[in-house]
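S.K.: sequence first, then the predicted structure, then my questions.
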Amino acid sequence: MPTLTAAYAADRADEVAIVDANGSVTWRDLDDRVGRLRGGLEGLGLAPEATVLLMTGNDRTAIETILACMHAGFLVVPVNGHWVPDEVAYVLEDTGLSLIHISEPTRPLYISYAVFCL
C-alpha cells in the first residue's frame with residue numbers, strides 16, 4: 001500500500017489530485033503530506049493494525065488521513081458528524097481504538113462528543 005500515491009506522484013506530479021473548499025493539492029504534494037502524516041502517526045508508537053478513529057469533515061484532510069493510515073497498515077474507523085453521543089460512545093468502546101484524529105474545522109463538534117463518551 002505505501003506506493004498507492006507514489007506512482008501518481010511520479011507520473012502526474014503537478015496534476016491536481018484533490019479539490020475541496022480549502023483549495024487543491026497536487027499528486028506530489030498529496031504524496032508528501034500522506035508520507036509526513038504516516039511518519040507522524042508511526043512516531044506516536046502506533047503499530048500496524050492500530051485503530052484510528054477519524055472525526056473529520058468531508059475534505060482533503062480526511063482523504064490524507066485515510067491514505068496515511070492505509071500506508072501504515074492501520075485500521076480507520078470514520079465517525080459521522082451527525083451521530084449522537086451514544087453512537088460515538090459505542091464506537092469508542094467497541095473499536096479498541098489507539099488514536100482519535102479530529103480535524104481542526106470539526107474539533108468543536110467532536111471534542112465534546114469524545115470527552116462526553118470517554
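M.R.: Received, thanks.

S.K.: can you show me the strands along the chain?
M.R.: 16-20, 23-26, 51-55, 75-78, 99-102 (DSSP state E).

S.K.: same list, those, but as TSV with mean pLDDT and mean neighbour count please.
M.R.: Just so you know, the C-beta spots here come from the backbone N, C-alpha and C atoms, and that holds for glycine as well. Shown next, in TSV, are these (pLDDT from 0 to 100; neighbours: other C-beta atoms under 10 Å):
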stretch	mean pLDDT	mean neighbour count
strand 16-20	94	15
strand 23-26	94	14
strand 51-55	86	21
strand 75-78	90	16
strand 99-102	73	18
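
S.K.: what about the longest helix in the protein?
M.R.: Longest helix of the chain, by residue count under DSSP state H: helix 27-43.

S.K.: report the buried residues of it.
M.R.: 27, 28, 29, 30, 31, 33, 34, 35, 37, 38, 41, 42 (16 or more other C-beta atoms under 10 Å).

S.K.: would TSV of the strands of the chain with distance to residue 9 be doable?
M.R.: Below are these laid out as TSV (distance: least, C-beta to C-beta, whole Å):
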stretch	distance to residue 9
strand 16-20	9
strand 23-26	8
strand 51-55	23
strand 75-78	21
strand 99-102	23
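
S.K.: for those strands, which one sits closest to residue 84?
M.R.: strand 51-55 (14.0 Å; C-beta to C-beta).

S.K.: okay, now the unreliable bits of this protein?
M.R.: For the chain, applying pLDDT under 70 flags the ranges 1-3, 102-118.

S.K.: sorry, back to before: which among the buried residues of helix 27-43 gets closest to residue 20?
M.R.: For those, the nearest to residue 20 is residue 30 (11.9 Å; C-beta to C-beta).

S.K.: for that closest one, which non-adjacent residue is spatially closest?
M.R.: residue 17 (4.4 Å; C-beta to C-beta, 6 or more residues apart in numbering).

S.K.: correct me, but that neighbour touches residue 23?
M.R.: No: here residue 17 lies out of contact with residue 23, judged by C-beta atoms under 8 Å, at a distance of 11.8 Å.

S.K.: alright, I will stop here.
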